[in-house]
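*Asks:* A structural model of the following input is requested.
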Amino acid sequence: MTYSMTGYGKHSSTYNGRVLTVEIRTLNSKQADMNVRMPSIYREKEFEIRDALSSGLIRGKIDLSIQRDLAPGESGTELNEGLVGHYYTLIKKLESSFVEEGATSATDYMNLIMKMPEVTSPASQSLEAAEYLVLRDSIDNCLSSCMAFREQEGAKLVGVLRSSVESILSGLEGVGPMEADRIANIRGRISNNLKDDQGENAQIDRDRFEQELIYYLEKLDITEEKVRLKAHCDFFLATLNEHGSKGKKLSFIGQEMGREINTLGSKAQHSEMQRLVVGMKDELEKIKEQVLNVL
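*Replies:* Sure, this is the predicted structure:
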């Protein structure tokens, strides 16, 4: 099973009238790069939540958002009644020492007092164990949804990667029939160069010529490169069928494929073979780009 690192999941649940909404988005990244946004009441459980994300999603750029909507009639702020009374007494005392101007109703006092510092503050709350269990259940469900999304995207990636590898193998098969023509071209070019340098009537030691030619052609032999490239491609396709995280492994195999393709290109010395090698390089770039998204 192959998973993409692109994923999305969302789940909502309720506890005592409160609505808890969990949303997860993931993108590709070399490591587990987490961005967690949650109400302060859940901060004491942040490390546990991060561990759950790391275990469930393994790696990627992970964006978690938790929203906690209060139940109807529930307030998230507290009123400091003692401080309100203190401010009211102080304002009344100050008012008596000034000439009265404008309205002096209690409503005017309250509008002024409510703007004073520390009159209101966030309600002090402690996290209930039951609420946290509901939240963890939502996170687990959200992780499952995200992994299901990753599985769907991973199936698409497998199709693209398999197609590119098969194109490379097809190009490799096309190299075989060209080898005889390639050797003949190299032999003819060397022989013509010798005649041009030494003249038409020059005597050439045919045995020495054949020895030097064999030595030269051995350096240009591409048999090992073809065998290794075929093995790397087969290994890549087999790895696609493995379970678990394998994006980094596929990337390493792609690097080995690139080395063999580059060596083929440097040894080719044949125009049609070079075209095939360029096509292989193009497919390999597609593989490298898509492998970045594989978990």
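
*Asks:* so where is the stretch 101-250 of the chain shaky, pLDDT-wise?
*Replies:* 101-109, 112-113, 115, 118-124, 179-220 (pLDDT under 70).

*Asks:* Now do the strands in it.
*Replies:* 120-122 (DSSP state E, counting those that start in this stretch).

*Asks:* Which segments of this protein make up each domain?
*Replies:* 7-73+130-150, 77-122, 154-291 (automatic domain parsing).

*Asks:* could I get those as JSON lines with distance to residue 1 and mean neighbour count?
*Replies:* Heads up, the C-betas are built off the backbone N, CA and C, glycines and all. Formatted as JSON lines, the domains of the chain follow (distance: least, Cβ to Cβ, whole Å; neighbours: other Cβ atoms under 10 Å):
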{"stretch": "domain 7-73+130-150", "distance to residue 1": "10", "mean neighbour count": "16"}
{"stretch": "domain 77-122", "distance to residue 1": "45", "mean neighbour count": "11"}
{"stretch": "domain 154-291", "distance to residue 1": "5", "mean neighbour count": "15"}
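
*Asks:* just checking, what's the longest helix in this structure?
*Replies:* If you go by DSSP state H, the chain has its longest helix at helix 129-175.

*Asks:* Quick one: classify residue 67 as helix, strand or coil.
*Replies:* Counting by DSSP: H, G, I helix; E, B strand; the rest coil, the backbone at residue 67 sits in strand.

*Asks:* measure residue 228 to residue 270 for me?
*Replies:* Residue 228 is 20 Å from residue 270, where distance means Cβ to Cβ, to the nearest Å.

*Asks:* got it, and residue 51?
*Replies:* In terms of Cβ to Cβ, residue 51 sits 57 Å off from residue 270.

*Asks:* Repeat that for residue 1.
*Replies:* Residue 1 is 41 Å from residue 270, by Cβ to Cβ.

*Asks:* same thing with residue 4?
*Replies:* Taken as Cβ to Cβ, the span from residue 4 to residue 270 is 39 Å.

*Asks:* what does residue 162 give?
*Replies:* 28 Å.

*Asks:* Kindly report the same for residue 169.
*Replies:* 19 Å.

*Asks:* what's residue 7 sitting at in phi/psi?
*Replies:* phi -150, psi 160 (degrees, to the nearest 10).

*Asks:* pLDDT score for it?
*Replies:* Confidence at residue 7, expressed as pLDDT, is 93.

*Asks:* Please name the bridge partners of it.
*Replies:* Beta-bridge partners for residue 7, by DSSP bridges, are residue 26.
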